[in-house]
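Participant: no sequence on this one, just coordinates:
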């Protein structure tokens, strides 16, 4: 039994249907997946991949992350775990990599889902309000400095205190790299147990693209859930300046009732996440990346319910605890190539708010 998207799933059968189209300069794919479960009927539909002059956003070559696939002669996986591009097989670090296809196939929507997909990390989330991350047993629930490094591209996003790490979303990522073991040489003292890196997709300088994805879930004895994700790639100045906007909206329907307050499905959650990334490359040596993320999460902390799915407040109170998981993230990364040397500057601002109401 697996806990996924705040609902208990037990897979019975799965049927996939897909279609692809290609017409001259336009190429795309539509896909519909239906998964039947004991408690939930979940459906997903990918729509609207539009392209001019380049492959669709979802058509990039997908690299496998298992060592077995590499031995079978598949293309090499390129990672930046040591802050430079190199083949995964050449990295002298214990590392797991999840590419875009694996993130989608395993239903990994946020950092909270990584613990079930990668051996080693353990992520304990209490309704989004608190989040503690451990790798190979190294973690801390107290103190100000986390023992697991968290990076979004080149920006460190580890939060203080250690048990309030941000809710990073995996939508429109190129890959997730999980580095196990001490990484203090490259990632500082906050990476004593390991480092988790979220690598976003870079804007394309020469192609317009759009992609949308929708999903619906129906929960037995609960409320329905919905998810909508979109990506827009917009070249502003061809081969020099482009924008990429990735947006997510998710509503997870609740299934816990509070009879004393005459309230049903009190553990529902809402999420809005918008990421904007700008790429400016005036020449072959200089590159500037500007990233902004607005994240708004609204939902209660995890609570215990009885065997009938009901929750009772202390002393029979009728109040319904609720909380927020909000943050604003801004980063500017400048890079200049000097022959065999690269000069890199990255500046980050992270404002995180997690009030309980």
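Facilitator: Nice, I can see it. Computed from a predicted structure; not experimentally measured. Residues are numbered from 1 along each chain as shown.
Participant: low-confidence ranges in the stretch 101-250 of the chain?
Facilitator: Counting by pLDDT under 70, the low-confidence segments of the stretch 101-250 of the chain come to 127-129, 141-143.
Participant: quick one, helices of it?
Facilitator: Listed in chain order, the helices of the stretch 101-250 of the chain (DSSP state H, counting those that start in this stretch) span residues 184-187.
Participant: what ranges does it have for its strands?
Facilitator: Per DSSP state E, counting those that start in this stretch, the stretch 101-250 of the chain has strands spanning 121-126, 130-135, 148-152, 155-156, 173-180, 194-200, 208-219, 225-237, 241-252. These are given in chain order.
Participant: next, the residue lying farthest from the centre of the chain: secondary structure please.
Facilitator: Of all residues in the chain, residue 315 has its C-alpha farthest from the mean position, at 38.8 Å, by C-alpha atoms, centre = their mean. For residue 315, the secondary structure call by DSSP: H, G, I helix; E, B strand; the rest coil comes out as helix.
Participant: now do the contacts for the most centrally placed residue in the chain.
Facilitator: Nearest to the centroid of the C-alpha atoms of the chain, with distances taken as C-alpha atoms, centre = their mean, sits residue 170, at 1.8 Å. For residue 170, the residues meeting the contact criterion (C-beta atoms under 8 Å, 6 or more residues apart in numbering) are 103, 108-111, 113, 176, 198. For the C-beta atoms, the positions are set from N, CA and C on the backbone; glycine is no exception.
Participant: what is the nearest of those to residue 97?
Facilitator: Compare each of the contacts of residue 170 with residue 97 using C-beta to C-beta and the shortest gap goes to residue 176, at 7.2 Å.
Participant: that closest one reaches residue 197, doesn't it?
Facilitator: Yes - here residue 176 reaches residue 197: they are 7.0 Å apart, a contact under C-beta atoms under 8 Å.
Participant: ok, residue 180 - contacts?
Facilitator: Taking C-beta under 8 Å, 6+ apart as the test, what residue 180 contacts is 93-96, 120, 135-136, 194.
Participant: who's it bridged to?
Facilitator: residue 94, residue 194 (DSSP bridges).
Participant: repeat for residue 241
Facilitator: The bridge-partner assignment for residue 241, based on DSSP bridges, gives residue 237, residue 280.
Participant: that one: neighbour count?
Facilitator: Using other C-beta atoms under 10 Å, residue 241 is surrounded by 17 other residues.
Participant: how about the one 5 residues further on?
Facilitator: Residue 246 is flanked by 22 other residues according to other C-beta under 10 Å.
Participant: from residue 315, how far out is it?
Facilitator: Applying C-beta to C-beta, to the nearest Å, the value for residue 246 to residue 315 is 45 Å.
Participant: then residue 171?
Facilitator: Distance of residue 171 to residue 315, computed by C-beta to C-beta: 42 Å.
Participant: same question, residue 348
Facilitator: Here residue 348 is placed at a distance of 44 Å from residue 315 (C-beta to C-beta).
Participant: now residue 338
Facilitator: The spacing between residue 338 and residue 315, counted by C-beta to C-beta, is 67 Å.
Participant: my guess is residue 117 contacts residue 108, does it?
Facilitator: Yes - Residue 117 sits in contact with residue 108 when judged by C-beta under 8 Å, with a separation of 5.6 Å.
Participant: so what's in contact with the two at the same time?
Facilitator: Overlap between the contact sets of residue 117 and residue 108, as judged by C-beta under 8 Å, 6+ apart, is given by 98, 102.
Participant: more neighbours: the two, which one.
Facilitator: Neighbour count, other C-beta under 10 Å: between residue 117 and residue 108, residue 108 has more, with 21 against 17.
Participant: and the more buried one, what does it touch?
Facilitator: By C-beta under 8 Å, 6+ apart, the residues touching residue 108 are 98, 102, 114, 117, 170, 176.
Participant: of all the residues you listed, which two lie farthest apart?
Facilitator: Using C-beta to C-beta for every pair in the contacts of residue 108, the one that comes out farthest apart is 102 and 114, at 11.2 Å.
Participant: which of these two has more neighbours?
Facilitator: Counted by other C-beta under 10 Å, residue 102 and residue 114 do not tie: residue 114 has more neighbours, with 24 against 19.
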